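Novice: no sequence on hand, only this structure:
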C-alpha cells in the first residue's frame, strides 16, 4: 500500500522541550499533498512539497523585521533571501532569491545533494514599511490551488 500521508505521518521529530510547537514532521500532511501517493511523486516534487512545509513553519516564528533566508551548506557561498522555489522532474530543486546586498542568486540542486539551512534574515531598510515576504505561505497556497507550473510569473508579488 502506498503512503499518502492519510494512512500515517511520513516523518518524525523529537524535541528537547516537551511543549515545543509542532513541526512539519509531527502534523498530518495538508490535503494538497495527499492527493497523489508519495510513491507516484518524483524525488524533486516530493522534496519541493516538504520544503514548502519547512519554510512555512519557519516563517510562522518570524517577526515583521525578518524574512526567511537560506544559508548554503558546505561552502562559503553566503545567504540567499528566498524569493521563489521550484523543481524540475525528476530530481532538481531550484531556489530563487537575492543575497544581502541585493545580488540576484539562484541555486540549482540535485535532490541527492539537498542540504538547506533556513535562517532569519533582517529585512532591507528600504522595505521596513512594507509587508514582509512570506514565500512559504505563497508556495502553500499554490499547492492548495492545484497549480501545475503553467501559471504566469508574478514579479514583485508578496
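Specialist: Structure received. Only a predicted model underlies this, so the values are computations on that prediction, with no experimental measurement involved.
Novice: quick one: list the elements packing against the strand ranked longest in the chain.
Specialist: The residue-count maximum for a strand in the chain (DSSP state E) belongs to strand 79-88. With contacts taken as 3 or more CB pairs under 8 Å, 6 or more residues apart in numbering; DSSP states H and E, strand 79-88 sits against helix 43-60, strand 66-72, strand 92-98, strand 116-122, helix 135-144. C-beta here means a position set from N, CA and C on the backbone, and glycine is covered the same way.
Novice: and the first one, how far from the chain's centre?
Specialist: The chain centroid and the centroid of helix 43-60 are separated by 4 Å under CA atoms, centre = their mean, to the nearest Å.
Novice: name the helices or strands packed onto it?
Specialist: strand 66-72, strand 79-88, strand 92-98, strand 116-122, helix 135-144.
Novice: try it again with 10 Å
Specialist: Helix 43-60 sits against helix 31-34, strand 66-72, strand 79-88, strand 92-98, strand 104-110, strand 116-122, helix 135-144, with contacts defined as 3 or more CB pairs under 10 Å, 6 or more residues apart in numbering; DSSP states H and E.
Novice: buried residues in the third one, which are they?
Specialist: When neighbours are counted by 16 or more other CB atoms under 10 Å, the buried residues of strand 79-88 are found to be 79-83, 85, 87.
Novice: and the closest residue in space to residue 64 that isn't next to it in sequence, which of the three is it?
Specialist: Distances taken as CB to CB, 6 or more residues apart in numbering place residue 132 nearest to residue 64, at 5.4 Å, with adjacent residues excluded. Secondary structure, DSSP: H, G, I helix; E, B strand; the rest coil: residue 132 is coil.
Novice: just confirm residue 132 contacts residue 66, I think it does.
Specialist: Yes: counting by CB atoms under 10 Å, residue 132 does reach residue 66; the two are 7.4 Å apart.
Novice: re the thing from before, could you dump the helices and strands packed on helix 43-60 to JSON lines with distance to residue 45 and mean pLDDT?
Specialist: Listed next are these as JSON lines, based on distance: least, CB to CB, whole Å; pLDDT from 0 to 100:
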{"stretch": "helix 31-34", "distance to residue 45": "10", "mean pLDDT": "88"}
{"stretch": "strand 66-72", "distance to residue 45": "19", "mean pLDDT": "85"}
{"stretch": "strand 79-88", "distance to residue 45": "6", "mean pLDDT": "89"}
{"stretch": "strand 92-98", "distance to residue 45": "9", "mean pLDDT": "89"}
{"stretch": "strand 104-110", "distance to residue 45": "14", "mean pLDDT": "87"}
{"stretch": "strand 116-122", "distance to residue 45": "16", "mean pLDDT": "87"}
{"stretch": "helix 135-144", "distance to residue 45": "10", "mean pLDDT": "86"}
